[in-house]
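Colleague: Sequence plus predicted model, see below.
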Amino acid sequence: MFSLILPTFNEAANLPELLPRVEQALAGIDHEVIIVDDDSPDRTWEVALALAKERDDLHVIRRIGRRGLSSAVIEGFLAAKGDVLAVMDADGQHDSGLLKRLYEAVRGGSGIAVGSRYAKGGSVGQWDERRHFLSRVATRLGQAVCRVKVSDPMSGFFAIDARLFERVRPSLNPKGFKILLDLLVHIPKDTRATEHAFTFGGRLHGESKMSRRVQVEFLEYLYDVTIGRFIPLTFLKYCVVGFLGVFVNVGAYWVYAELLRVDGIISFAGFSVAVIASIETAIIFNFLLNNVWTFAHKRLRGASALMGFAKYNVACALGALVNYAVSALLVWRAWPDLLAVTIGSFTAVLWNYVMSRMITWKD
Ligand SMILES: Nc1nc2c(ncn2[C@@H]2O[C@H](COP(=O)(O)OP(=O)(O)OP(=O)(O)O)[C@@H](O)[C@H]2O)c(=O)[nH]1
Ligand SMILES: [Mg+2]
C-alpha cells in the first residue's frame with residue numbers, strides 16, 4: 001500500500017483542487033492519503049474532514065497546540081498503513097504526476113526516491129534571485145552533512161520505504177522544515193536513493209510558510225548534527241548568555257555605584273547595595289534572554305514565567321553569594337571596585353559551571 005502524507009497549514013483553498021489531481025495520479029494503486037493539519041486558522045481541517053466524508057481513502061489528523069512541517073510529516077508517517085510512505089506539499093507546487101514513479105522506485109528497491117528540482121531536467125521554476133541564492137546555499141550546506149548524497153536534499157517531495165523509516169525514526173530531529181535532509185543524515189550510507197526530476201510550480205492559493213524563523217531553524221539544525229553532537233546548542237547559548245551577564249553585572253554596578261556615590265566616594269554599605277542590585281539585574285537579564293533565546297522552544301509565559309523566575313533565582317542564589325563575597329573581599333582589600341565586581345562576576349560564572357558539572361550534568 002502507498003501512503004501519501006499532505007502536511008497543511010492554511011491550505012483550505014488548495015485542498016479541493018489538489019485532491020482530485022492526487023486521486024487521478026494514484027488511480028490503480030492501493031493507497032491512502034493522510035492530511036496532517038496543525039489546527040489551521042483558516043480551518044483547513046474542516047475542509048479536509050468534509051472531503052474525507054466522501055471517500056474512504058482519505059484521513060485527517062488535526063494537531064492541537066503544535067506546529068512544524070517535519071513533526072507533522074513524522075506524525076503522518078507513524079499513522080500510515082502503507083509499506084511505501086510519501087510526502088507532498090499541499091499547495092500544488094509539487095507535480096502529482098510524479099507520485100507513481102516515486103512509488104514504483106521504492107517498490108523497485110530504492111530506500112528513498114526523491115522528487116528533485118536540481119536533477120537533470122528539473123527546475124525551481126519562477127523564483128527571484130534571492131530565493132535562488134538562498135536555496136543553493138542551503139542545498140550545498142545540506143549536502144555537506146548528508147550520509148547519502150542527492151542533488152536536492154531540501155526537497156519536500158519524496159517517498160521512503162516504511163521499514164527504513166521505522167529504523168531511523170528514533171534518531172530523527174522533528175524541528176523545522178527539513179524532514180528529507182534529516183532522513184538523509186540518518187539513513188545507512190549504503191541506502192539506495194533515486195532522483196526524479198520535476199519543475200517546482202507556483203502556489204495555487206495562499207501564502208508561503210517559509211519564514212525567517214524556518215531559515216534560522218535550518219542553521220540550528222546544521223549545528224545540531226555537526227558540532228552539536230558534542231556541545232549541545234542550548235549549552236552553548238547558555239554560556240553566551242552567562243558571558244553577556246557578566247557585562248550586564250559590571251555595567252549595572254557602575255550605574256548604581258555612580259548613583260550611590262557621595263562626593264566621589266562610595267561607602268561599604270553603598271557598595272554592597274550596588275553589588276547586590278547589579279547581581280539581581282544580571283539574573284533578570286539572564287533569565288529573560290534564556291527564556292526567549294536559549295530555551296525558546298520551551299518559553300515560559302504568564303504565571304509560569306513568574307514561577308520560573310522565582311526558581312531561577314533560587315538556582316542562582318549560591319553563585320550570587322559567591323559573586324558578592326568575592327567582590328566584597330577584594331574591595332575590603334582596597335582593590336578598585338569595578339575590577340573587584342568584574343572578578344566576582346566571572347568567579348560566579350565559573351562557580352555555576354563547576355556546580356552544574358558536579359550536580360546537574362554529573363559524569
Ligand atoms: N502541518 C503543517 N504543515 C505545514 C507547516 N508549515 C508548512 N506546512 C505545509 O508544508 C507545505 C510546504 O510549505 P510552504 O509554505 O509551501 O513552503 P515551501 O513550498 O518551501 O515555500 P514556498 O515555495 O514559498 O511555498 C505546505 O503544504 C504547507 O501547508 C506546519 O507548521 N504544519
Ligand atoms: Mg510551497
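Modeller: Nice, thanks for sending it over. Numbering: from 1, shown residues only. Ligands and ions are numbered 1, 2, ... in the order given.
Colleague: Stretch 266-286: which residues count as buried?
Modeller: Residues of stretch 266-286 classed as buried by neighbour count (16 or more other Cβ atoms under 10 Å): 266, 270-279, 281-286. Any C-beta I mention is one placed from the backbone N, CA and C, and that applies to glycine too.
Colleague: no, scratch that, I was asking about stretch 282-298
Modeller: Across stretch 282-298, burial judged by 16+ other Cβ under 10 Å covers 282-287, 289-291, 294.
Colleague: near ligand 1, anything from it?
Modeller: No. Remark: stretch 282-298 sits outside contact range of ligand 1, by Cβ under 6 Å from any ligand atom, the gap being at least 13.9 Å.
Colleague: average pLDDT for that stretch?
Modeller: Across stretch 282-298, pLDDT averages out at 90.
Colleague: could I have that stretch exported to CSV, CA atoms only?
Modeller: Extracted in CSV, the C-alpha atoms of stretch 282-298 (Å, rounded to 0.1, in the frame of the first residue of the first chain):
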residue,chain,number,x,y,z
ALA,A,282,22.1,40.3,35.7
ILE,A,283,19.9,37.5,37.0
ILE,A,284,16.9,39.2,35.5
PHE,A,285,18.7,39.8,32.2
ASN,A,286,19.9,36.2,32.0
PHE,A,287,16.5,34.8,32.8
LEU,A,288,14.8,36.9,30.1
LEU,A,289,17.4,36.0,27.5
ASN,A,290,17.5,32.3,28.4
ASN,A,291,13.7,32.3,28.2
VAL,A,292,13.4,34.0,24.8
TRP,A,293,16.5,32.5,23.2
THR,A,294,18.3,29.6,24.8
PHE,A,295,15.1,27.8,25.7
ALA,A,296,12.8,29.5,23.1
HIS,A,297,11.2,26.1,22.4
LYS,A,298,10.1,25.8,26.0
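Colleague: Please list the outside residues in contact with that stretch.
Modeller: 175, 234, 237-238, 241-242, 244-246, 248-249, 252, 299-300, 305, 308-309, 312-313, 316, 320, 345 (Cβ atoms under 8 Å, 6 or more residues apart in numbering).
Colleague: Whichever of those residues end up buried, select them in PyMOL.
Modeller: Here is the PyMOL command that picks out the buried ones among the contacts of stretch 282-298, judged by 16+ other Cβ under 10 Å:
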select buried, resi 175+234+237+238+241+242+245+246+248+249+252+300+308+312+316+320+345
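Colleague: what does the stretch 201-350 of the chain have sitting close to ligand 1?
Modeller: Contact residues, the stretch 201-350 of the chain versus ligand 1 (Cβ under 6 Å from any ligand atom): 203, 208-210.
Colleague: which of the residues you listed count as buried?
Modeller: Buried, going by 16+ other Cβ under 10 Å: Lys209, out of those.
Colleague: quick one, what contacts Gly344?
Modeller: By Cβ under 8 Å, 6+ apart, the contact set of Gly344 is 275, 322-328, 330.
Colleague: Kindly recompute the last result at 7 Å.
Modeller: Neighbouring residues of Gly344 by Cβ atoms under 7 Å, 6 or more residues apart in numbering: 323-324, 326-327.
Colleague: Please report the distance of it from Gln24.
Modeller: 72 Å (Cβ to Cβ, to the nearest Å).
Colleague: Equivalent analysis for Lys149, please.
Modeller: Distance of Lys149 to Gln24, given as Cβ to Cβ: 33 Å.
Colleague: same check, this time on Ala80
Modeller: Remark: distance between Ala80 and Gln24 (Cβ to Cβ) = 21 Å.
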